[in-house]
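# model this:
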Amino acid sequence: MSRRLSVLLLSTWLSLPTLALAEDLPPEKLASIRRDEKHALEKVNAAHGGKKSSEMSTAERRQMIQEQQQATQGVLDKHGVSSKDYARQTARMGPKQNAQVDAAEKALEARTQGSSASSPGEIPIERGWGSEQQVEQEGVEGSEGAMPVVEHGLPTEEQVPAEGMPSVDEAGAPEVEPAVPAGEPAGEP
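A predicted model of the protein is given here:
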């Protein structure tokens, strides 16, 4: 085996494990996983009547544990994270990362509370116009039934003349030099 080939094999052998390692999950994703996992486990506990494990028989306890594991796995599958990567990430987190995840959880909870409080639920849809809601168009007084005037562009007092363009006077017409009748010299009045 040549030296170049052995170096190439060694470098690929050393770089592959780094490619196989999962990337770190952002705190927002961890917070949403924790939140969904908490809701899923609450559903399982509610399905079993909220009993403590000491109040259950062995078969009931076994059933509840299996349902909790399935619920947790379903949440992780929903977020596209393997249970091994999630466990590894949460085990490696220090106090700083835990604080970031807690802050992200609070922000997520506040966002969901804010969106549920702002949505009134059912929005009434009205068809047609009733006598209670009359629509009046703005227009010139005394011109009832006439079409409203629509202006395009900037008002004349706000327009800034461009270089090389004639300026606009008070009346809105561009300033032009008075026309010289044919036959008279342009410089003499």
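# use CA for all of it now, contacts and neighbours both
Noted.
# Could you pull out the helices in this structure for me?
For the chain, the helices defined by DSSP state H occupy 3-20, 27-47, 58-79, 83-92, 95-118.
# which of those helices is buried the deepest?
Using mean count of other Cα atoms under 10 Å, the stretch among the helices of the chain with the greatest mean number of neighbours is helix 27-47 (a mean of 17).
# what's next to it, contact-wise?
Counting contacts by Cα atoms under 8 Å, 6 or more residues apart in numbering, the residues outside helix 27-47 that touch it are 51, 64, 67-68, 71-72, 75-76, 79, 97, 100-102, 104-105, 108.
# can you pull the pLDDT of residue 127?
Predicted confidence (pLDDT) at residue 127: the value is 64.
# Any regions of this structure where pLDDT drops low?
Under the criterion pLDDT under 70, the flagged ranges of the chain are 1, 15-23, 115-151, 154-155, 159-189.
# distance of the residue nearest to residue 83 when sequence neighbours are not counted from residue 50?
For residue 83, the nearest residue in space outside its immediate sequence neighbours is residue 76; the separation is 6.6 Å by Cα to Cα, 6 or more residues apart in numbering. Using Cα to Cα, to the nearest Å, residue 76 is found at 24 Å from residue 50.
# picking that back up, I'd like the distance between the residue nearest to residue 83 and residue 37.
Relative to residue 37, and taking Cα to Cα, residue 76 is found at 8 Å.
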